[in-house]
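Chemist: Based on what follows, work out the 3D shape:
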Amino acid sequence: QVQLVESGGGLVQAGGSLRLSCAASGRALSRYAMGWFRQAPGKEREFVAAVSRNGDSVNYADSVKGRFTISRDNAKDTTYLQLDSLRPEDTAVYYCAARMEVPGIRYEYAYWGQGTQVTVSS
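Modeler: As a prediction, the model looks like this:
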């Protein structure tokens, strides 16, 4: 089992920045690929960014490319999402999630945090 706890959300003006953190406990984070997702009021949860277990591969949703940066520190069992050039449409609850990463096998995200609210004012 992996427990995930997000932090770092808050209220920021458009154009501002935030850094979200996702701390893991229970098992070493290095076993897992990590992802960030978000859900805005009245909308479906959507993918934001993901990073491989060793950090050598990342990918982003088109809507955040060039503005958000995902990273991880396995020594600290923590994953980060740097949010820059924030827009009002980035307002959402942001969740981190973990999935096993094994070559040739696609695992679903099985572990989720409770979420952290990001609100961007115009």
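
Chemist: Let me see the mean pLDDT of the longest strand along the chain.
Modeler: Counting residues, the longest strand found in the chain (DSSP state E) is strand 92-102. Across strand 92-102, pLDDT averages out at 95.

Chemist: Which neighbouring elements make contact with it?
Modeler: If you count contacts as 3 or more C-beta pairs under 8 Å, 6 or more residues apart in numbering; DSSP states H and E, strand 92-102 packs onto strand 3-7, strand 18-25, strand 32-39, strand 78-83, strand 111-112, strand 116-121. Any C-beta I mention is one placed from the backbone N, CA and C, and that applies to glycine too.

Chemist: residues touching residue 63, list them.
Modeler: Taking C-beta atoms under 8 Å, 6 or more residues apart in numbering as the contact definition, residue 63 lies against residue 89.

Chemist: Let's see that with 10 Å instead.
Modeler: Neighbour list for residue 63: 38, 46, 47, 48, 87, 89, 90 [criterion: C-beta atoms under 10 Å, 6 or more residues apart in numbering].

Chemist: still on that earlier bit, want to throw the helices and strands packed on strand 92-102 into JSON lines with mean pLDDT, mean neighbour count and distance to residue 53?
Modeler: Listed next are those as JSON lines, based on pLDDT from 0 to 100; neighbours: other C-beta atoms under 10 Å; distance: least, C-beta to C-beta, whole Å:
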{"stretch": "strand 3-7", "mean pLDDT": "96", "mean neighbour count": "17", "distance to residue 53": "15"}
{"stretch": "strand 18-25", "mean pLDDT": "96", "mean neighbour count": "19", "distance to residue 53": "12"}
{"stretch": "strand 32-39", "mean pLDDT": "97", "mean neighbour count": "23", "distance to residue 53": "5"}
{"stretch": "strand 78-83", "mean pLDDT": "98", "mean neighbour count": "22", "distance to residue 53": "11"}
{"stretch": "strand 111-112", "mean pLDDT": "96", "mean neighbour count": "18", "distance to residue 53": "14"}
{"stretch": "strand 116-121", "mean pLDDT": "98", "mean neighbour count": "17", "distance to residue 53": "23"}
